[in-house]
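1. everything below, folded, please.
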Amino acid sequence: MKRAIILVLALVILLGAAGGLGYFQMVVKPAMIKGFIQKAGQPTNSVAATQAKTETWTPTLTAIGSLRATQGVEIAPQVGGVVRAIKFESSQDVQKGALLVEIDDSTEQADLKANQAALRNAQATLDRQSKLVSGGNSTQATLDQATSARDQAAAAVERTKAIIAQKRIAAPFDGRLGIRRIDIGQYVSPGSPLVTLQKLDPIYVDFQAPEQYFARLAVDQSITLTVDAFGGKTFSGKVKFLDARISTDTRNFLVRGEIQNDEKKLLPGMFANVSVMAGDPRSVVTLPRTAVVYSLYGDSVYVLKTPTAKSGEAQAATMGKDQKAEQLYEVERRFVRVGETQGDRVEIADGVKAGETVVSEGQVKLFPGMRVRIDPKAGLPPMNPMPKL
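-> Here you go, the predicted model:
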């Protein structure tokens, strides 16, 4: 009996100890932690900030394009043969009509002499038949046959001359030659490429534009472009042509611009970053691109507000002596509607007014209502050059 009483007392003591420990862990300890956190106050983070400002922007369409020559061909022979002479150097500028390649035409020259002899004989026969017909000593049918023979001989001479001319390959227009692909003594077949010829000044740039820009783009609008080969130089031109259809696959249309290329630095096939002035100047509110937080739920920014009197007193009570002299702000998360982008700045079509202070860097560690201080040394310098869009 005594043993049972002892076991019950031990069990009661054990349960009481477990209950007390549980009460401490579940009630007392969280209350203590909450009190410590409240006494410690919210952390004060440093951020980079900037003011929204009003700028005058001209609507600009940015795109990527490729350069192509206004005229560009692969020089190729119409007839085959052995290369007898090469009259150009690689990368040479040539004028229209300049002789480039001679193909051996000794066989055709011999044929030309034979055909010319046949032509002279046919002409003499025709002259005799004409006299005989006029004297009544021959028939008109004989004269017609002699005329036909003379015409066939003349056609054979012209055909041989045309083949000889085709074996003297000339430049069809002014331009710059590429690297030659033939050597003297090499046999070339009809259509085999000998060298490229490109007209470089002016030069075209082809790029795609979304269909919503079709009404805003027009011939003769200004174009500027840059290429990787000359990163610090901007080339200017104008819109030359707009395509007559819009692709059903991409809903884009082709735009062709014409760029002045006096120094012939731009070459066909180069990648180009193109900007087109597509509209009249207008006033817009802008922020650095780094100030906008992009997400699937909407784009937003953190606007800095001066704390209210009550919250300011609460903050001052939790700050140290060294912190009281600093200006603190509360952050307000605000959803915005962004517009066009130019350089490192973005248009804010709705959500922020000019003059409001916005966090430009450091948004990852923020939440609405949090207090922050502005660090004038914070922020990364802008990238130069800017990355491609």
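
2. hey, let's count contacts and neighbours off CA atoms from now on
-> OK.

3. Lys161 contacts Lys113, doesn't it?
-> No. Judged on Cα atoms under 8 Å, Lys161 makes no contact with Lys113 at a distance of 10.4 Å.

4. identify the residues contacting Gly97.
-> Ala170, Ala171, Pro172, Phe173 (Cα atoms under 8 Å, 6 or more residues apart in numbering).

5. the same query, at a cut-off of 6 Å, please.
-> Contacts for Gly97 (Cα atoms under 6 Å, 6 or more residues apart in numbering) come out as Ala170, Ala171.

6. quick check: it vs Ile169, distance?
-> Using Cα to Cα, to the nearest Å, Gly97 is found at 9 Å from Ile169.

7. got it, and Glu347?
-> From Glu347 to Ile169 the distance is 57 Å (Cα to Cα).

8. after the lowest-mean-pLDDT helix or strand in the chain, next one along is what?
-> The helix or strand of the chain with the poorest confidence is helix 309-318; it has a mean of 49 (mean pLDDT, DSSP states H and E). Moving toward the C-terminus from helix 309-318, the next helix or strand (DSSP states H and E) is strand 328-335.

9. so what touches the helix or strand following that following strand?
-> Reading on from strand 328-335 to the C-terminus, the next helix or strand found by DSSP H and E is strand 337-342. With contacts defined as Cα under 6 Å, 6+ apart, strand 337-342 is touched by Glu347, Ile348, Ala349, Asp350.

10. before we move on, what about stretch 230-248?
-> By Cα under 6 Å, 6+ apart, stretch 230-248 touches 219-226, 252-259.

11. top of these by neighbour count?
-> Gly257 (26 neighbours; other Cα atoms under 10 Å).

12. got the contact list for that residue?
-> Tyr204, Val205, Lys238, Val239, Lys240.

13. tell me which element the fourth one falls in.
-> Val239 belongs to strand 230-242 when elements are defined using DSSP H and E.

14. and that strand, what's buried?
-> Ser236, Gly237, Lys238, Val239, Lys240, Leu242 (16 or more other Cα atoms under 10 Å).

15. tell me how far the closest residue to the fifth one other than its chain neighbours lies from Val188.
-> Just to be clear, that refers to Lys240. Leaving aside its sequence neighbours, Lys240 sits nearest to Gly257 (Cα to Cα, 6 or more residues apart in numbering; 4.9 Å). To Val188, Gly257 is 37 Å away according to Cα to Cα.

16. isn't Val331 right up against Phe367?
-> No. Contact criterion Cα atoms under 6 Å: Val331 and Phe367 do not qualify, at 7.3 Å.

17. who has more neighbours, those two?
-> Neighbours per residue (other Cα under 10 Å) separate Val331 from Phe367, with Val331 holding more: 23 against 13.

18. quick one, what contacts the more buried one?
-> Val331 neighbours (Cα under 6 Å, 6+ apart): Tyr302, Val303, Leu304, Pro368, Gly369, Met370.

19. ChimeraX command for the buried members of these?
-> To isolate the buried members of the contacts of Val331 in ChimeraX, using 16+ other Cα under 10 Å:
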select :302,303,304,370
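
20. as a markdown table, the contacts of Val331 with secondary structure would be great.
-> Shown next, in a markdown table, are the contacts of Val331 (DSSP: H, G, I helix; E, B strand; the rest coil):
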| residue | secondary structure |
| --- | --- |
| Tyr302 | strand |
| Val303 | strand |
| Leu304 | strand |
| Pro368 | coil |
| Gly369 | coil |
| Met370 | coil |
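
21. kindly reformat the contacts of Val331 as CSV containing pLDDT and distance to Asp144.
-> Converted to CSV, the contacts of Val331 look like this (pLDDT from 0 to 100; distance: Cα to Cα, whole Å):
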residue, pLDDT, distance to Asp144
Tyr302, 93, 99
Val303, 93, 101
Leu304, 91, 104
Pro368, 87, 105
Gly369, 85, 109
Met370, 86, 109
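
22. just the element for the nearest residue to Gln123 once chain neighbours are set aside, please.
-> Excluding the flanking residues, the one nearest Gln123 by Cα to Cα, 6+ apart is Arg150, at 5.6 Å. Assigned by DSSP H and E, Arg150 falls within helix 140-166.

23. again with Ile6
-> With DSSP H and E as criterion, Ile6 is part of helix 2-23.

24. how about Val73?
-> Here Val73 sits within strand 60-75, counting by DSSP H and E.

25. what's the following helix or strand after that strand?
-> strand 81-86.

26. pLDDT weak spots in the stretch 1-150 of the chain?
-> 1-2, 8, 12, 16-17, 19-20, 24, 28, 35-43 (pLDDT under 70).

27. convert the strand holding Val239 to PDB, retaining C-alpha atoms only.
-> Taking C-alpha atoms only, strand 230-242 is exported to PDB below (Å, rounded to 0.1, in the frame of the first residue of the first chain):
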ATOM      1  CA  PHE A 230      33.000  50.400 -82.800                       C
ATOM      2  CA  GLY A 231      31.400  50.600 -79.400                       C
ATOM      3  CA  GLY A 232      32.000  54.300 -78.900                       C
ATOM      4  CA  LYS A 233      30.700  55.500 -82.200                       C
ATOM      5  CA  THR A 234      27.100  56.200 -83.300                       C
ATOM      6  CA  PHE A 235      26.100  56.000 -86.900                       C
ATOM      7  CA  SER A 236      23.100  58.000 -88.200                       C
ATOM      8  CA  GLY A 237      20.600  57.500 -91.000                       C
ATOM      9  CA  LYS A 238      16.900  57.400 -91.800                       C
ATOM     10  CA  VAL A 239      14.100  54.900 -92.400                       C
ATOM     11  CA  LYS A 240      14.100  54.000 -96.100                       C
ATOM     12  CA  PHE A 241      11.400  51.300 -96.500                       C
ATOM     13  CA  LEU A 242       8.600  49.700 -94.500                       C
END
